[in-house]
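> Kindly generate the corresponding structure for this input.
(one chain, ligands or ions: 1)
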Amino acid sequence: MNVRAKVTGTGMDVPDRVVTNAELEKYMETSDEWIRQRSGIEERRWVTEEQGPADLAEAAARRALEAAGLEPGDLDCIVLGTLSPEADFPGTSFFLQDRLGLSETPCFDVRAQCSGFLYSLAIGDSFLRSGQYRRVLVVGCEVHSTGLDVSTRGRDVAVLFGDGAGAAVLEANDDPEDPSGVLSVRLHAQGKYARKLWLEAPGSALHPRFTQEMYDQGLHFPQMEGKFVFKHAVTRMPEVLLEALEAAGVKQDDVDLFLFHQANLRINEYVANSLEIPPEKLRNNIQRYGNCSAAAIPMLLAEAEAEGALRRGQLVSLTAFGSGFSWASAVLRW
Ligand code: UT7
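Numbering: from 1, shown residues only. Prediction:
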């Protein structure tokens, strides 16, 4: 039997600080009603002064390792998806590696924004199937809150995003009796829309990378053409979901659980309706965490597993869309 990448442990972490829609009303002209109606978000978690991405990533990673019954030293590699790194370079994964007490385990960040976890999963899956590694930690981690314009100018974006991390341990499975593993991953991108959802400065294309003027213009805050992104998300997500199912050789009805990126509850309802996915096969947590970009899907996986909603032998379909544009879908036998 060919080697399959089996998820043997999941974990997540979010900051303790809960930021309600009512709290945001104090900082900008917005309302709980607008945020709930347009996005489904009720609250999100934001880090406190002393917390950063590596803190969240470490907690999520340790929980995933514990669930897998492994020690950090058992890992062969760490792949971490993020768009909000601890530092612009080297990213977050290197800080995580150090926190885990690892001295030379290879690690790197993947920059595929909201599809970052699925891109990272594809890389981990390839490492295992090629025989290069036996155990890979795949992480999604974001701290958005330190980079949001929490004034009326930035309200269209600021109310949507939250902080969090999720992690999954992938292990090589060559047991012919055990069907668990990644069955397919399909990745797509469309760079012509890179500026529809992006963070312009600091940027190495700028000379210099950052100026007071850029700061005054707020170019260091994310910019998004919301309706344009929405339209593409609801088209691309069903497309790639079906493509991944076909690649996995499974029927849509056989899937036990569908987990979508958590950018907007309306997007997910739209996608589910268009594919006639029954509500009991869907799980969302955007109501509690907002949009945690690359962390959204591994956080959903960890919650679903912890709550018994995702069990061994079940089929799970994962789908994401985000900045880049990037979009992706995977099918796993749990
Ligand atoms: O994770 C990466 C992928 N991201 C996404 O998929 C996000 C996709 N886009 C969306 O989810 C939606 O477009 C949003 C939730 C971002 C916005 O919803 P919308 O229904 O597209 O609203 P809109 O941007 O067209 O804004 C409608 C109105 C505007 O006012 P006017 O021009 O009609 O007077 C905005 O200025 O709502 C106003 N507005 C707000 N009002 C209260 C924008 N942000 C806010 C706010 N509170 N926070």
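> and the stretch 201-334 of the chain, which residues reach the ligand?
By the rule CB under 6 Å from any ligand atom, the part of the stretch 201-334 of the chain lying against the ligand is G226, K227, V229, F230, A233, A263, N264, I267, N291, S293, G322, S323. Any C-beta I mention is one placed from the backbone N, CA and C, and that applies to glycine too.
> Pick out the most distant pair among those.
Taking CB to CB as the measure, those span a maximum distance of 19.4 Å, between K227 and S293.
> if we can go back for a sec, among the residues of the stretch 201-334 of the chain next to the ligand, which are in helices?
Among these, DSSP state H puts G226, K227, V229, F230, A233, I267 in helices.
> What is the nearest of those residues to L206?
Among these, V229 lies closest to L206 (CB to CB), at 23.5 Å.
> Check the burial of the closest one by counting its neighbours.
Burial of V229 is recorded as 21 neighbouring residues (other CB atoms under 10 Å).
> and it, what does it touch?
K196, L197, A263, F325 (CB atoms under 8 Å, 6 or more residues apart in numbering).
> mind running it again at 7 Å?
K196, L197 (CB atoms under 7 Å, 6 or more residues apart in numbering).
> Now do it, the pLDDT please.
The model reports V229 with a pLDDT of 98.
> re earlier: more crowded one of K227 and S293?
S293 (31 against 8).
> does the more buried one really touch P85, like I thought?
No: judged on CB atoms under 7 Å, S293 makes no contact with P85 at a distance of 11.8 Å.
> Tell me which other helices or strands the helix or strand harbouring G140 touches.
According to DSSP states H and E, G140 maps onto strand 135-142. The elements that strand 135-142 packs onto, with contact taken as 3 or more CB pairs under 7 Å, 6 or more residues apart in numbering; DSSP states H and E, are helix 53-68, strand 77-81, helix 116-130, strand 164-173.
> from the chain's centre, how far out does that strand sit?
Relative to its parent chain, strand 135-142 has a centroid offset of 10 Å by CA atoms, centre = their mean, to the nearest Å.
> Buried residues in that strand, which are they?
For strand 135-142, the neighbour count (16 or more other CB atoms under 10 Å) marks R135, V136, L137, V138, V139, G140, C141, E142 as buried.
> List the neighbouring strands of it plus their orientation.
strand 77-81 (parallel), strand 164-173 (antiparallel) (DSSP bridges).
> need these in a markdown table with mean pLDDT, can you?
What follows is the strands paired with strand 135-142, written out as a markdown table (pLDDT from 0 to 100):
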| stretch | mean pLDDT |
| --- | --- |
| strand 77-81 | 98 |
| strand 164-173 | 98 |
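> so D163 touches Q51, yeah?
No: judged on CB under 7 Å, D163 makes no contact with Q51 at a distance of 8.1 Å.
> still on that earlier bit, rebuild the strands paired with strand 135-142 as CSV, extending it with distance to the ligand and mean neighbour count.
Shown next, in CSV, are the strands paired with strand 135-142 (distance: least, CB to the nearest ligand atom, whole Å; neighbours: other CB atoms under 10 Å):
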stretch, distance to the ligand, mean neighbour count
strand 77-81, 13, 27
strand 164-173, 13, 29
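> So which residues of the chain form strands?
4-13, 18-20, 43-45, 77-81, 107-110, 135-142, 164-173, 181-189, 197-198, 223-224, 257-260, 282-283, 315-322, 326-333 (DSSP state E).
> What's the per-residue pLDDT of M1 here?
57.
> Give me the domain ranges for the chain.
Domain assignment for the chain by automatic domain parsing gives 4-173, 181-333.
> Go through these and pick out the most buried.
Stretch with highest mean neighbour count among those: domain 4-173 (a mean of 21; mean count of other CB atoms under 10 Å).
> For it, measure first residue to last.
5 Å (CA to CA, to the nearest Å).
> same check, this time on stretch 245-255
From start residue to end residue, stretch 245-255 stretches across 9 Å - CA to CA.
> what mean pLDDT does the strand holding G140 have?
pLDDT averaged over strand 135-142 gives 98.
> Over to stretch 53-71?
Per-region confidence: stretch 53-71 scores 98 on mean pLDDT.
> quick one: contacts of that stretch?
Contacts of stretch 53-71 (CB under 7 Å, 6+ apart): 8-13, 72, 80, 82, 84-86, 92, 95-96, 99-100, 135, 137, 139, 141, 143, 163-169.
> Pull it out as CSV, backbone CA atoms only.
C-alpha atoms of stretch 53-71 as CSV (Å, rounded to 0.1, in the frame of the first residue of the first chain):
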residue,chain,number,x,y,z
PRO,A,53,1.8,34.5,17.0
ALA,A,54,4.4,32.1,18.3
ASP,A,55,2.6,31.9,21.7
LEU,A,56,-0.6,30.8,20.0
ALA,A,57,1.2,28.5,17.5
GLU,A,58,3.2,26.8,20.4
ALA,A,59,0.0,26.1,22.4
ALA,A,60,-1.8,24.7,19.4
ALA,A,61,1.2,22.6,18.4
ARG,A,62,1.7,21.2,21.9
ARG,A,63,-2.0,20.2,22.1
ALA,A,64,-1.8,18.5,18.6
LEU,A,65,1.4,16.6,19.6
GLU,A,66,-0.1,15.5,22.9
ALA,A,67,-3.2,14.2,21.1
ALA,A,68,-0.9,12.3,18.7
GLY,A,69,1.1,10.9,21.7
LEU,A,70,4.3,12.5,20.4
GLU,A,71,7.1,14.8,21.7
